[in-house]
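S.K.: One predicted model, sequence on top.
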Amino acid sequence: MSRTGAADQPLGHGGALPSRAMATIRVVLAEDHGLLREGVSRMINGQEDLELVGVASDLPRLLALIPETSPDVVVTDIRMPPTGTDEGIQAATWLRHNLPDVGVVVLSQYTSPGYALSLLEQGSAGRAYLLKERVAGAGELADAIRAVARGGSVIDPLVVDELVTARARSRRSDISWLTPRELEILGEMAQGKSNAAIAEALSVSERAVEKHTNAIFSKLGLSEEKDTNRRVKAVLVYLSEQRPGG
């Protein structure tokens, strides 16, 4: 019997799984659709450096599994029981407050940028937002899991496009207005770094980073947004410009 066939089970304890290298990334999966859960489980188990240590079909069981299995990354559907609204976002928020080192990959069928903004509003580090229909093989999902395990971030390009299009309807922003230093700082911001981490990476003062960051927000028309939202939106605009043809 497949070790991923049943939902709501901790895996990998009591010698049930073969031993793996210390660099193995431990993953918990939350998905209420049985066939999709099985498919994603197989994708994860097919990677040598990934180990599926638990599966859940609803938010309460997911939150119970996390302390039981000590995952490095949680892969979660955005909507599942008990309410079928934004349980994946709720899980990510809970983890940000309680276990900030655990990465989260949200799988969604929705391109609406509102979900992505909710996921990233407390920081993009260790967070990924992928569209289910575009995760056709193991490679993209596995790469996203590895990225968030390292503290990086991954946002589906279609979601980025939706955000930029929505903003363009009411306000034009142009990244070409930014100075080379501002672009450099925005690039560091896109890696999920705080102002202090950016200052250290670029060998400048944190005050200088704050000054440049405020200039970025102003030039991109984000000066009236909430601080968390404008940081996320600035990063998403930056990422859209980095795509070929963007």
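M.R.: Alright, I've got the coordinates.
S.K.: all strands of this structure, in order?
M.R.: For the chain, strands defined by DSSP state E occupy the ranges 9-10, 25-30, 50-56, 73-77, 103-108, 127-131, 153-155.
S.K.: Using a markdown table, please lay out those strands together with mean pLDDT.
M.R.: Rendered in a markdown table, the data for the strands of the chain read as follows (pLDDT from 0 to 100):
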| stretch | mean pLDDT |
| --- | --- |
| strand 9-10 | 64 |
| strand 25-30 | 98 |
| strand 50-56 | 97 |
| strand 73-77 | 97 |
| strand 103-108 | 96 |
| strand 127-131 | 94 |
| strand 153-155 | 92 |
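S.K.: ok, V232 - contacts?
M.R.: The neighbourhood of V232, defined by C-beta atoms under 8 Å, 6 or more residues apart in numbering, consists of A116, L117, L120, E121, S124. For every residue, glycine as well, the C-beta is placed using N, CA and C.
S.K.: swap the cut-off to 6 Å and go again
M.R.: Under the criterion of C-beta atoms under 6 Å, 6 or more residues apart in numbering, the contact partners of V232 comprise L117, L120.
S.K.: for the strands of the chain, which one ends up most surrounded?
M.R.: Each of the strands of the chain was scored by mean neighbour count; the highest is strand 73-77, a mean of 27, by mean count of other C-beta atoms under 10 Å.
S.K.: thinking S57 is in contact with D32, fair?
M.R.: Yes. When contacts are counted by C-beta atoms under 6 Å, S57 is listed as touching D32 (4.5 Å).
S.K.: what's the overlap in contacts for those two?
M.R.: Overlap between the contact sets of S57 and D32, as judged by C-beta under 6 Å, 6+ apart, is nil.
S.K.: Quick check: L107 touching E133?
M.R.: No. With contact defined as C-beta under 6 Å, L107 does not count as touching E133 (10.1 Å).
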